[in-house]
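>>> Quick one: sequence and predicted model below, then my questions.
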Amino acid sequence: MKLIQSIILLVLFSFGVANAMTEKQMMIFHQVLNVDQGKVTKQMHTDFWSDVPDKDDVVNYMETTGLMAKITKDGMNYQKELWKSALISYQNNQVFKSDDYIKARDTMNDFINRVSKNIPDPNERQQVVKQMQVSMENSAELLRSAGARMNFQTVQGPIIEISEERLKFIIANLERSFVRIEKLLQPEWVD
């Protein structure tokens, strides 16, 4: 999960976008993303959106100043769908890729491919492409490991225990974080 976030941040820093949101928005964003103590309140939502110049043009905001928020949301969706496919792979003893996973993966790949082509420094561009390849290798290996009911060894070396309970735990955390991010990124507060 951290690899996708690293790729996103590297791409965004290459364009100077990572700090485009205000300091207040970034602080709120990190509070919402916190896995252990993440939350989103109406006041946090109000504070976040008070720094958006035109709430009626959310699409433009998410494609410019709020790009980090949008891409983080898309990256979290990708992770959520990857781990859901891993759970089904584990339960069925064979690799499974849901349509939602494939769509989320394609969205992330498309974004990173499009944006990385515009990174002026060839070394940074190569680093982004290499990290993306590692991420895709890790995703494929996670699904293979889950389908074989074996622990998952990342390309970088760490081993992650694969069990139905562990997969469900990871999915639950990702889903809670995703719901909080979705709630924050809606221009109007919904209880």
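Arrived safely.

>>> Work out which residue lies at the spatial centre of the protein.
Against the mean C-alpha coordinate of the chain, by Cα atoms, centre = their mean, the closest residue is Gly75 at 2.1 Å.

>>> can you tell me how far it sits from Glu81?
Note on Gly75: its distance to Glu81, by Cβ to Cβ, to the nearest Å, is 11 Å. Quick note: C-beta positions are derived from backbone N, CA and C, even for glycine.

>>> mind listing the strands for this protein?
152-153, 159-160 (DSSP state E).

>>> Those: which one's closest to His30?
When the strands of the chain are compared by Cβ to Cβ, strand 159-160 sits nearest His30, at 24.1 Å.

>>> how far is the closest one from where the chain is centred?
20 Å (Cα atoms, centre = their mean, to the nearest Å).

>>> Pull up the pairing partners for that strand, direction included.
strand 152-153 (antiparallel) (DSSP bridges).

>>> Would you quantify the distance from the residue in the chain sticking out farthest from the centre to Asn151?
Farthest-out residue of the chain from its mean C-alpha position, per Cα atoms, centre = their mean: Asn93, at 26.3 Å. According to Cβ to Cβ, Asn93 stands 15 Å off from Asn151.

>>> repeat for Asp47
42 Å.

>>> Likewise for Arg180?
Arg180 sits at a distance of 30 Å from Asn151 (criterion: Cβ to Cβ).

>>> can you check Lys103 too?
Lys103 is 28 Å from Asn151, by Cβ to Cβ.

>>> Glu81 now?
From Glu81 to Asn151 the distance is 21 Å (Cβ to Cβ).

>>> Equivalent analysis for Ile71, please.
30 Å.

>>> wait, Phe96 sits on Ser85?
Yes: with contacts counted by Cβ atoms under 8 Å, Phe96 reaches Ser85, the gap being 5.5 Å.

>>> Report the set of residues contacting both of these two.
Leu143 (Cβ atoms under 8 Å, 6 or more residues apart in numbering).

>>> More neighbours: which of these two?
Neighbours per residue, other Cβ atoms under 10 Å: of Phe96 and Ser85, the larger number sits with Ser85, 25 against 18.

>>> excluding its backbone neighbours, what's nearest the more buried one?
Nearest residue to Ser85 in three dimensions, chain neighbours excluded: Tyr101, at 4.4 Å (Cβ to Cβ, 6 or more residues apart in numbering).

>>> which residues does the one you found contact?
78, 81-82, 84-85.

>>> Noted, bye for now.
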